Every structure is written in structure tokens, then in C-alpha cells.
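Visitor: Have a look at this prediction, sequence included:
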Amino acid sequence: MSSNNFVDVVIVGAGLSGIGSARHLQRDCPDRTFALLESRGSLGGTWDLFRYPGIRSDSDMYTLGYTFKPWLGTRSLADGPSILQYLREAATETGVDKHIYYNRKVESASWSSESCTWTVSAQCSDTEASIEFQCNFLMMCGGYYDYEQGHTPEFSGSDDFEGLVIHAQKWPEDLDYTSKKIVVIGSGATAVTLVPELAKTAAHTTMLQRSPTYIASVPEEDSWSARLSGILPAPWVYRIIRWKRILLQIGVFNLSRKRPQMVKNLLLGQVREALGDDYDIKTHFTPKYNPWDQRLCAVPEGDLFTAISEKRAEVVTDNVKHFSPTGIQLESGKHLDADIIVLATGLTMKFIGGTKLIVDGNSVESSKLYVYRGMMLSNVPNLVQVFGYTNASWTLKSDLTGQYVCRLLNHMRKTGTTMAVPNIASAGLEEEPMLDFSSGYILRAAKEFPKQGKKLPWRVYQNFIIDFINLRLRPLTDTVLKFK
């Protein structure tokens, strides 16, 4: 493609959301042309970027997988390479891969109401040239965090440490950690994934956390899958288990909100059964918040607890005073010896990949926007941001979003309209943060993200059933979305 290329739809990002959105367009809007602009040199997004040992999903593959491509693997919590292979197959089997333009980092998008087009400006990382694409509709599928760097707190004395310090988001491919003493700083999904894997060959692995996280041990394989596989075709099995998992996720989340102490007792009972009554569960595995106030971590078959029981790993709950030449000095006075320190300290969130939005010559401030139906933005025409669930699999929401966009585009084609914009007069609208979650990485970036209202259509629901009804079954038109 040369500069000033026109397609009907530009999709920014060729990861889980981008590939799925492209497939929905391809199938449900076959008369629309589209292109995917990917900033990196390969598809896969998160599942190509993260390479740390043991990388896997903490969402089951029956809901993380696409509606149009059944997950046929036996493991419910799949490893990163298997998920990446699944995404590559989804792209090549559908021909979506032929629409991907790699090494195209989108920097800005400018809307013109006069021509009803977005002009998308991208930097070509392989040639250092600039390129422009024009489209009528723009889908932002680049995720929610900064691909360039993760969150890296400042630690006193970090330059004094004589070993290796690495962030999990930038894991060196050739790192040999065999027989090394490793300290992993963090307590979230990355840390609980890393620790049992590192502990297999390291001399000793320590998970250092300031405060605990709720951790649930889950089966590596779904018991229903084996039973149904000999009776029903694979696509049917996939759909049945997918809906079973959806209902289970919703049920657990709602139970956590209505009866938090019950869920807390169940989760801590799992830990007590795995580690024994003598283990200090109150200090190391009992958070101060209720279950699902932050995202719940899942460990397959309790592998973290097994590593702790076998003394290959330990959990230390304390604060870092400073790094020393040989490890980490803690505020309690204890010293952790280390050859390698791994920072599993979280993500740096970035709204729509940091893309600068301009509407009719005016820069758009994301913090002043409201989210319409969980995807479009107030007073911003023909743009959708694909944002998954915080309490369930990302793909569940991205699939619904892709299907909604196709409904919207087909409605516009049928009615002869070329612009759809959610109009809002924000005065008097009760507002809340777009992401009602207390995780540190979300709180750090809350002011950079749009807001939500307290009722439809400005409410962002974290519930697949409600969204399914609103986005798939209810009428497309309302008093807010204006067509021109």
C-alpha cells in the first residue's frame, strides 16, 4: 500500500481483539474492506510479547477462545505458546493474516466530519517512514497497556545490586536461571505463574509481596470436556463448556459481591488444605480486601502451593528497604539473598495505545470522555475501543463488540448513513471511573481513561449476560446514538 490508502475499516492491533474483530467483519460485513495495523513485527499481541517462563492464561480457553474457532486443546489454562499458535491458526485459516500490515505503529487519528473519514497516521518501525491510512470506521484493538515498558517502581540502592534485575515484560530469551537464587517481586498473576516454574530448576525462589492476593487452585482440564468428547462433536462440546464457564464466572463474581466472607472462606480453605494448619495463611494469603475487589489469581492444580510445600519456593510478605550488593534488605530486618531479581510489578496502562485523537481539528482529552455501551466514546464519531472484562475472559467482550460493530455498519449501509456518534451533554450526568477495580495498575492510570455513567447506555457492565442482551438482542438505535 502507498500513502493515503483507503479502506472501510482500520483495525489497530493484531492481537486477540484485532484478529477476532477482523474475522467478524470478514464474515458479517463481506462488502467492507479492512486493514489491521500492527506496531510489532508479528501477530499475537500479549501472547507474542510476554516470554517469561511458564507464561499462561489465567482465564480458561473455553471463554478466552473465539466463538468462531473452538479450542480443541485438553488444557483449560493453556500456556502462552499454545495460545499464540491458536491465534496464528485463527488468522491463517480465515485469511485475516493477509490484511495485516506489520511494523505500523499508529500515533494519531484525525476525524473529518466533512469527508466522514479518519486519517490514521502511523510510523513504520522497519523503515522509519510515515504512512497514512484513511477509513470511514476505526477500531482500536491494541489492548490497555504499554507494550514498551511495564510498571517499574524505584527501589533504593538498585544500582548496588551485583546480580541481574529484569522486568517480566522484558524477559531475556537466553537467560539461564538454573541453580540461581531468585527473588520475584510481586503477587499478581505474573508472579504466581513465574514462581512455580522458576522453582523447578532454580536453587531457591522467593515471592516477595507487600500484600497478599487471593489465589484459587483450579483443575488444569475441564471434567466435562472428557465426558462429552466421546458423545458430541467438538464444536458442540466447546459451546456447552463455554456457556458453563460463563455462568460459573458470573456466579462466582456475584457471590463474591453479595457474600464475600463465604467466598473468602472457600479460597482460604483451599490454601489451608494445600499448605497445612501450621502455615501462616493470615500473613501470606489473606488480603485486606474482599474477593474480586481485585482480579483473582488462578493456579493450575495448585502448582504454587506444591512448590511451597516442597520447600522449592517461599512467600515473604514484607516491604523493600533497599537493594544490597547480594540481594534485598527488608524493612523487617531480614535479608533475601539473590542472584536474579525479577520485577513482576505490573503493567503500565495506556488508553488506546497512546494514540492521539483529533476530531474536526480539536484534540480529544480521553479523561473527559464517557464510554457508550462499553465501547464507543462520547462525541467521537465512528470509533470503537475494544475493551474486555476485568472479571472474566477478555474475548467474551471483544467478541460481543466485534459483532455489535458489524450490526452497526450494516445498519449504516442500509440507511445510507456514514457517521454514527454518541451525543452527550455531560452536565448533570452522574459519573464513575470506567474501571471500577482497586488493582494498583488500574488506580495508577484511572485519570487517563474515560468515565462511565450510572445507567444505560453510559454504564460499563462487567457481566456477559447483560451485555449479550444489550448488544446482541436489543434494538441497535436509541436516543443517544445519532446517525448522519
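Guide: That came in fine, so what should we check first? Note that the coordinates shown come from a computational prediction; the quantities given were computed from them, not determined experimentally. Numbers count the residues shown, from 1 in each chain.

Visitor: what mean pLDDT does stretch 55-69 have?
Guide: The predicted model gives stretch 55-69 an average pLDDT of 92.

Visitor: quick one: low-confidence parts of the stretch 101-250 of the chain?
Guide: Scanning the stretch 101-250 of the chain for pLDDT under 70 picks out no residues.

Visitor: Tell me where it has strands.
Guide: Taking DSSP state E, counting those that start in this stretch as the test, the strands found in the stretch 101-250 of the chain are 104-112, 117-124, 130-140, 164-167, 181-185, 204-209, 215-218.

Visitor: what sits against residue 170?
Guide: By Cβ atoms under 8 Å, 6 or more residues apart in numbering, the residues touching residue 170 are 149-150. Yep, even glycine has a C-beta here, placed from its N, CA and C like the rest.

Visitor: Check residue 302 too.
Guide: Applying Cβ under 8 Å, 6+ apart to residue 302 gives the contacts 217, 270, 274.

Visitor: I'd say the last one and residue 217 touch.
Guide: In this case it means residue 274. Yes: between residue 274 and residue 217 there is a contact under Cβ atoms under 8 Å: 6.8 Å.

Visitor: Touching both of the two, which residues are there?
Guide: 302, 305.

Visitor: returning to what we had before: Throw the strands of the stretch 101-250 of the chain into a markdown table and include mean neighbour count and distance to residue 14, thanks.
Guide: Below are these laid out as a markdown table (neighbours: other Cβ atoms under 10 Å; distance: least, Cβ to Cβ, whole Å):
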| stretch | mean neighbour count | distance to residue 14 |
| --- | --- | --- |
| strand 104-112 | 20 | 10 |
| strand 117-124 | 19 | 13 |
| strand 130-140 | 21 | 12 |
| strand 164-167 | 16 | 24 |
| strand 181-185 | 24 | 30 |
| strand 204-209 | 24 | 33 |
| strand 215-218 | 18 | 29 |
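
Visitor: Tell me which of those strands approaches residue 358 most closely.
Guide: Nearest to residue 358, of all the strands of the stretch 101-250 of the chain, is strand 104-112, at 4.1 Å by Cβ to Cβ.

Visitor: quick one: contacts of that closest one?
Guide: Strand 104-112 is contacted by residues 12, 37-39, 117-125, 131, 138, 142, 353, 355-360, 380-383 when judged by Cβ under 8 Å, 6+ apart.

Visitor: Check stretch 40-47 too.
Guide: Here stretch 40-47 makes contact (Cβ under 8 Å, 6+ apart) with 13-19, 48-49, 55, 80, 83-84, 87-88, 91, 97, 100, 102-103, 125-126, 142-143, 147.

Visitor: Write the ChimeraX selection for whichever of those residues are buried.
Guide: Entered in ChimeraX, the line below selects the buried ones among the contacts of stretch 40-47, by 16 or more other Cβ atoms under 10 Å:
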select :13,14,15,16,17,18,19,48,49,55,80,83,84,87,88,91,97,100,102,103,142,143,147
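
Visitor: Can you flag which of the contacts of stretch 40-47 belong to strands?
Guide: Judged by DSSP state E, strands contain the following of the contacts of stretch 40-47: residue 100.

Visitor: what pairs with residue 362 across the strands?
Guide: Beta bridges link residue 362 to residue 359, judged by DSSP bridges.

Visitor: err, residue 421, not the other one
Guide: With DSSP bridges applied, residue 421 shows beta-bridge pairing to residue 482.

Visitor: low pLDDT regions in the stretch 351-484 of the chain?
Guide: Applying pLDDT under 70 to the stretch 351-484 of the chain flags residues 426-428, 436-443, 445.

Visitor: picking that back up, the strands of the stretch 101-250 of the chain: which one's closest to residue 367?
Guide: Closest of those to residue 367 is strand 130-140, at 16.2 Å (criterion: Cβ to Cβ).

Visitor: residues making contact with stretch 388-398?
Guide: If you take Cβ under 8 Å, 6+ apart as the criterion, stretch 388-398 is touched by 16-17, 20-21, 59-60, 63-66, 141, 246, 249-250, 253, 292, 295, 374, 386-387, 435, 437, 442, 462, 464, 467.
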